[in-house]
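Visitor: sequence and predicted structure, then a few things I'm wondering about:
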Amino acid sequence: MTPLDFVVAVTLGSAAMARIDAAHDEADPRDEAEADVDLHVAIYEASHNLVLLQIMQALSSLLRSDVLQNRARMFS
């Protein structure tokens, strides 16, 4: 990971965390789940592991659904 990759990953991760917090405060589980998945995608992309990235992109719709369900259970 180059220093620029690190900065991009931290920036994207920070933005996603802020979106998660804002969506949680607004009780918007769908946006919260989307931001949560975006955070994980940023981590996968920052890893530069193409196999991991391709697998997770293929599973992204399932991940979004599961995150939404899990967050609904955790915070309801």
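Guide: On my side now, so go ahead.
Visitor: need the contact list for Val67.
Guide: With contact taken as Cβ atoms under 8 Å, 6 or more residues apart in numbering, Val67 is in contact with Ala33, Asp36, Val37. All C-beta spots, glycine's among them, are computed from the backbone N, C-alpha and C.
Visitor: would you turn these into CSV with secondary structure, neighbour count and pLDDT?
Guide: Formatted as CSV, those follow (DSSP: H, G, I helix; E, B strand; the rest coil; neighbours: other Cβ atoms under 10 Å; pLDDT from 0 to 100):
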residue, secondary structure, neighbour count, pLDDT
Ala33, helix, 22, 84
Asp36, helix, 23, 85
Val37, helix, 20, 84
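Visitor: let me know the closest of these to Thr2.
Guide: The shortest distance between Thr2 and any of the contacts of Val67, using Cβ to Cβ, involves Val37 and amounts to 24.7 Å.
Visitor: surely the closest one is in contact with Ser60?
Guide: Yes. In terms of Cβ atoms under 8 Å, Val37 counts as a neighbour of Ser60; the distance is 6.7 Å.
Visitor: where does this structure have its least confident helix or strand?
Guide: When each helix and strand of the chain is scored by mean pLDDT, DSSP states H and E, helix 60-75 comes last, with a mean of 81.
Visitor: now it: buried residues?
Guide: For helix 60-75, a neighbour-count test (16 or more other Cβ atoms under 10 Å) marks Leu63, Arg64, Val67, Leu68, Arg71 as buried.
Visitor: mind listing the helices for the protein?
Guide: Secondary structure of the chain by DSSP state H: the helices cover 3-25, 29-47, 50-58, 60-75.
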